[in-house]
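>>> Got a predicted structure plus its sequence, pasted below:
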Amino acid sequence: MSGKILIVDDETSIADLMKEAFEFDDFKAASRYSGNQAIEFLKDNPVDLVISDVRMPDGDGLALLEFVNQMENAPKLVFITGHSEYTAQSLKEKGAMEVFYKPLMVDQFISNIKELF
């Protein structure tokens, strides 16, 4: 299994742990810590999948989703969230492929992501 994944979470330890877990599973992965950092990264680095938190300072997941939706050759985007005022259904209606809730079981989460490829 391989693919390019961008992980976006303001909890840097979560983003970096997930990056390492995906790299261990033969994905190419990068991590960023805000929606705005992710947008800047995506301008020059195509990916297959964006995994993003919903609530973050300095550009939230919805701003990131809006940017992704306007990209040519847009990557898939899934949200991870611990608490959000948005339902999974409303996030999917905005264009998210899937929504996962924290705390995540990393092995199970990676298996779920592999099914999206």
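Arrived safely, thanks for sending.

>>> how deep is the nearest residue in space to Pro75 that is not next to it in sequence tucked in, by neighbour count?
Ranked by CB to CB, 6 or more residues apart in numbering and with sequence neighbours excluded, the top spatial neighbour of Pro75 is Val47, at 4.9 Å. C-beta: built from backbone N, CA, C; applies to glycine. By other CB atoms under 10 Å, 21 other residues sit near Val47.

>>> For this structure, give me the ranges with low pLDDT.
For the chain, applying pLDDT under 70 flags the ranges 1-2.

>>> What ranges does it have for its helices?
Ranges of helices within the chain are 12-24, 35-44, 61-69, 88-93, 106-114, based on DSSP state H.

>>> In the protein, which residue is most central in space?
Ile51 (1.1 Å; CA atoms, centre = their mean).

>>> give the contact list for that one.
Counting by CB atoms under 8 Å, 6 or more residues apart in numbering, Ile51 touches Ile5, Leu6, Ile7, Val8, Met18, Leu77, Val78, Phe79, Ile80, Ile113.
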